[in-house]
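S.K.: When you get a sec, could you give me coordinates for this:
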Amino acid sequence: MSGVLVLNAGYEPLHRVSLQHAVRMLHRRVAVVEEAVAGKRFGQYPLPAVLRLVRYVHMRWRHRTGAPPWSRAGVLRRDDHVCAYCGTRGAATVDHVMPRSRTADPNTWLNTVACCGRCNNRKRDRTPDEAGMRLRYAPRVPSHAELLDL
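M.R.: The predicted structure is shown next:
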């Protein structure tokens with residue numbers, strides 16, 4: 001993973017930020033370095049690997065009980081960029097199990113899977129059964145924590 005991990009004041013992981021954003025946080029004194037890269041500096045600051053916020057930030061979204069909102073990046077993260085049809089790593093597209101032209105609400109967690117370009121082109125505007133393709137795993141609704149980029 002790239003970037004600097006940001007922890008809440010209570011040491012719960014929140015998200016990742018770029019190195020430039022991390023240095024701005026240090027300069028504004030809203031965070032302190034919890035872990036640094038040994039022997040490396042960024043100006044007057046040690047090169048941070050992990051920052052901790054000085055004040056606790058209440059994250060209401062973490063306590064939601066419903067499903068997270070659907071997103072293309074979320075589908076790829078949920079499926080770990082593994083193609084649902086051939087199992088190759090590095091899937092960069094999202095396939096609709098039931099084609100978009102045949103459903104009223106195509107972008108749902110249960111209708112989308114990560115897919116490689118080759119399999120997506122082969123399946124086209126058909127269901128997996130019509131295309132003679134088998135899903136290696138069933139699509140599911142992920143948790144909020146699962147979609148965090150940590």
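
S.K.: Return the residues in contact with Val33.
M.R.: By Cβ atoms under 8 Å, 6 or more residues apart in numbering, Val33 lies in contact with 26, 45-46, 48, 50-51. From N, CA and C alone the C-beta is placed, and that goes for glycine too.

S.K.: what does Pro99 give?
M.R.: Counted by Cβ under 8 Å, 6+ apart, Pro99 has contacts 106, 125-127.

S.K.: can you list those in a markdown table and add secondary structure and pLDDT?
M.R.: Listed next are these as a markdown table, based on DSSP: H, G, I helix; E, B strand; the rest coil; pLDDT from 0 to 100:
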| residue | secondary structure | pLDDT |
| --- | --- | --- |
| Pro106 | coil | 90 |
| Asp125 | coil | 94 |
| Arg126 | coil | 95 |
| Thr127 | coil | 95 |
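
S.K.: following the helix or strand of the chain with the lowest mean pLDDT, which helix or strand comes up?
M.R.: Across the helices and strands of the chain, mean confidence by mean pLDDT, DSSP states H and E is lowest for strand 13-17: a mean of 87. Per DSSP states H and E, the first helix or strand lying C-terminal to strand 13-17 is helix 19-27.

S.K.: So which bits of that following helix are buried?
M.R.: 22-23, 25-26 (16 or more other Cβ atoms under 10 Å).

S.K.: quick one, the lengthiest strand in the chain and strand 13-17 angle?
M.R.: Scanning the chain for the strand with the most residues, using DSSP state E, yields strand 31-42. With axes from the mean of the first three to the mean of the last three Cα atoms, to 10 degrees defining the directions, strand 31-42 sits at 30 degrees from strand 13-17.

S.K.: mean confidence score for the helix or strand following strand 31-42?
M.R.: The C-terminal neighbour of strand 31-42 among helices and strands, as given by DSSP H and E, is strand 45-53. Strand 45-53 shows a mean pLDDT of 94.

S.K.: For burial, what's the neighbour tally of the closest residue to Thr108 other than its chain neighbours?
M.R.: Nearest non-adjacent residue to Thr108, counting by Cβ to Cβ, 6 or more residues apart in numbering: Trp70, 6.0 Å away. By other Cβ atoms under 10 Å, the residues close to Trp70 number 18.

S.K.: Spit out the contact partners of Trp70.
M.R.: By Cβ under 8 Å, 6+ apart, the contact set of Trp70 is 107-109, 112.
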